[in-house]
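In: Could you work out the structure for the sequence below:
(one chain, ligands or ions: 1)
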Amino acid sequence: MSFDAHDLINLSKYPIHQEGDQRDALLAQIRSRLKFDGCAVLKGFLTQRGIDTLASEADSVADKAHRSYNRTNVYFSADDETLPPTDPRRRFFDRSNAFIPADNFMQTGALRTIHDFDGFDSFIQACFEEEKFYRYADPLADVIINSAVEGNGFPWHFDTNNFTVTLAIQNAHGGGHFEYAPGIRQGSENFEEVGRVLDGTSDKVSVLELEPGDLQLFRGRYSLHRVTPLVGDRPRYVAIFSYVEEPDMVGNPERTQQLYGRTLPIHWERAGRRADSYID
Ligand SMILES: [Fe+2]
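Out: The predicted structure is shown next:
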């Protein structure tokens, strides 16, 4: 079965492939959202058929997800016993991930039909106004699906990469709200306010309810963010598209093994060329 991107993406609302006034207006709107608080959501980016076919595709390979667990603070840094126990750098949370690696998605499948649609990458690049912008060349990680169920956690953190591009496919029955404190560490680490966010007493937190079919562009390096705990037995599926600042980049073998449960020869061939994999 093959798909046509025109059936999957709502191109009449989001004419990402057609130069012109409508695309320009859309870009202006997204850029201003990104400047305002680092987050832009293209509601209803997918058609209903796009949502349905992506959800079936995710279901069909859900058993290929690799689950990993760790305990981390919001900075992904090591514990520092010289600091007081209340310091945000000393507050650790359980984090669990289940990623369906990229090589489970066929070229002719719905997810890659969207990703490979002419104009998709260049539109995203134009939204972020990034000069150095390349698809991640990692065959396990260029586009993946995060699958999460009740009990999985996406606790508060800052991203280590400059931006993320995610597409909501299916929500859990409950929970799963995206919460973020825009620009909370722009200029300084602002540990006091970060602590208040962790305590649930900050008034700097915005909440988003993303629905299936929504495309989210987010700059998470300066904005503390999390996904609230999921409720119910339906898995939450989110596709993650990865772009990096240099061509031909792949993840390092250790991180790849941790996130995807396996490595490929290319990870070892390229080992040493870089230190991280841009999926936080
Ligand atoms: Fe993040």
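In: mind checking pLDDT for the most far-flung residue of the chain relative to its centre?
Out: Distance from the C-alpha centroid of the chain, by Cα atoms, centre = their mean, peaks at residue 82 (33.2 Å). The score at residue 82 is 96. That number is its pLDDT.
In: Ramachandran coordinates for it?
Out: phi -80, psi -10 (degrees, to the nearest 10).
In: Equivalent analysis for residue 156, please.
Out: phi -50, psi 140.
In: does the residue nearest to it when sequence neighbours are not counted count as helix, strand or coil?
Out: In space, and not counting its chain neighbours, residue 156 is closest to residue 226: 4.4 Å by Cβ to Cβ, 6 or more residues apart in numbering. The C-beta positions use only the backbone N, C-alpha and C, and glycine is treated the same way. State at residue 226, reduced to three classes by DSSP: H, G, I helix; E, B strand; the rest coil: strand.
In: Counting neighbours, which bits of stretch 129-145 end up buried?
Out: 133-138, 140-145 (16 or more other Cβ atoms under 10 Å).
In: a markdown table for those residues, including pLDDT and distance to the ion?
Out: Compiled in a markdown table, the buried residues of stretch 129-145 are given as follows (pLDDT from 0 to 100; distance: Cβ to the ion, whole Å):
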| residue | pLDDT | distance to the ion |
| --- | --- | --- |
| 133 | 96 | 19 |
| 134 | 95 | 20 |
| 135 | 95 | 19 |
| 136 | 94 | 16 |
| 137 | 94 | 21 |
| 138 | 95 | 18 |
| 140 | 97 | 19 |
| 141 | 95 | 15 |
| 142 | 95 | 18 |
| 143 | 97 | 17 |
| 144 | 97 | 14 |
| 145 | 98 | 16 |
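In: need those residues in TSV with secondary structure, can you?
Out: Below are those laid out as TSV (three-state DSSP):
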residue	secondary structure
133	coil
134	strand
135	strand
136	coil
137	coil
138	coil
140	coil
141	coil
142	coil
143	strand
144	strand
145	strand
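In: Return the member of those residues nearest to residue 242.
Out: residue 136 (3.8 Å; Cβ to Cβ).
In: quick one, phi psi at that closest one?
Out: According to degrees, to the nearest 10, residue 136 has phi -60, psi 130.
In: Could you find the closest non-adjacent residue to it?
Out: residue 242 (3.8 Å).
In: Next: residue 43.
Out: residue 214 (5.4 Å).
In: The one you found against residue 45, yeah?
Out: Yes. Contact criterion Cβ atoms under 8 Å: residue 214 and residue 45 qualify, at 6.3 Å.
In: where do the contact lists of those two overlap?
Out: residue 167 (Cβ atoms under 8 Å, 6 or more residues apart in numbering).
In: Adding distance to residue 268, write the buried residues of stretch 129-145 out as CSV.
Out: Shown next, in CSV, are those (distance: Cβ to Cβ, whole Å):
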residue, distance to residue 268
133, 26
134, 21
135, 21
136, 17
137, 15
138, 13
140, 13
141, 15
142, 18
143, 22
144, 20
145, 25
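In: still on that earlier bit, how much space between the residue nearest to residue 43 and residue 222?
Out: 22 Å (Cβ to Cβ, to the nearest Å).
In: Between the two, which has more neighbouring residues?
Out: Neighbours were counted for residue 214 and for residue 222 using other Cβ atoms under 10 Å; residue 214 has more, 21 against 16.
In: residues in contact with residue 257?
Out: Here residue 257 is in contact with residue 263 (Cβ under 8 Å, 6+ apart).
In: Hmm, I typed the wrong one, I wanted residue 137.
Out: 247-250.
In: Could you find the closest non-adjacent residue to it?
Out: Closest to residue 137 by Cβ to Cβ, 6+ apart is residue 248, at 4.9 Å.
In: And residue 196, by the same measure?
Out: Using Cβ to Cβ, 6+ apart, the closest residue to residue 196 is residue 202 (3.9 Å).
In: Quick check: pLDDT value at the one you found.
Out: Looking at residue 202, the pLDDT reads 97.
In: do residue 180 as well
Out: In this prediction, residue 180 has a pLDDT value of 97.
In: in the sheet, who's paired with it?
Out: Taking DSSP bridges, one obtains residue 206, residue 225 as the residues bridged to residue 180.
In: Thanks a lot, catch you later.
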